[in-house]
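*Asks:* Structure for this input, please:
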Amino acid sequence: MEHNNKKHLKTGQIGEDLAVHYLKNKGFKVLDRNYWKPFGEIDIVVKKDGIVYFIEVKTVTRDSFDVNHGTKDDYEPEDNMHLWKRQRLGRVIQVYLSEKGIGEDSDWQCDVLSIYIDRDAKLLKVDRIEDIIL
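*Replies:* Down below sits the predicted model:
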């Protein structure tokens with residue numbers, strides 16, 4: 001069991017690193033990574049055009065991925081973003097905004113980046129789902 005947990009953590013770290021690279025290439029400025037509170041964590045905080053984005057990264061390993069036809073595996077990384085997870089993220093975001101002195105009238109949103117990698121940790125695909133906390 002410990003081996004699987006270490007592999008899961010390593011996959012998650014690879015996904016987050018790829019997400020940061022992806023976001024930087026899209027013109028986002030990284031403000032924070034792995035902002036942690038006992039009741040939740042924000043993977044990445046970035047800013048672009050005056051908007052603060054809280055990014056939840058979900059990484060999955062696939063043997064292959066056909067961008068035209070998807071994959072045989074029906075599981076998508078964002079399927080794990082249940083209501084309780086979004087609510088916890090919302091609480092952590094509120095604490096972050098307060099601690100960093102970012103006013104309540106500031107524009108922000110929470111997005112999910114689904115990172116697909118192959119068994120060699122090479123990036124296959126990135127999907128972005130915007131505004132998951134309404």
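
*Asks:* For the closest residue to Lys26 other than its chain neighbours, give me the pLDDT.
*Replies:* Of all residues not flanking Lys26 in the chain, Lys48 sits nearest, at 7.7 Å (Cβ to Cβ, 6 or more residues apart in numbering). To be clear about C-beta, it is placed using only N, CA and C from the backbone, and glycine gets the same treatment. Predicted confidence (pLDDT) for Lys48: 97.

*Asks:* For Lys48, name its beta-bridge partners.
*Replies:* Ile51 (DSSP bridges).

*Asks:* With Arg33 instead?
*Replies:* Applying DSSP bridges, one finds that Arg33 bridges with Ile44.

*Asks:* how much space between it and Asp120?
*Replies:* 24 Å (Cβ to Cβ, to the nearest Å).

*Asks:* was I right about Arg62 contacting Asp118?
*Replies:* Yes - at 6.4 Å, Arg62 counts as touching Asp118 under the criterion of Cβ atoms under 8 Å.

*Asks:* Could you name every residue contacting both of the two?
*Replies:* Leu124 (Cβ atoms under 8 Å, 6 or more residues apart in numbering).

*Asks:* ok, back up a step: list the contacts for the residue nearest to Lys26?
*Replies:* Counted by Cβ under 8 Å, 6+ apart, Lys48 has contacts 26-29.

*Asks:* cool, and Thr11?
*Replies:* Counting by Cβ under 8 Å, 6+ apart, Thr11 has contacts 59, 61, 117, 121.

*Asks:* Neighbours of the third one, how many?
*Replies:* Neighbourhood size, Ile117 [other Cβ atoms under 10 Å]: 19.

*Asks:* who's it bridged to?
*Replies:* Assigned bridge partners for Ile117, using DSSP bridges, are Thr61, Leu123.
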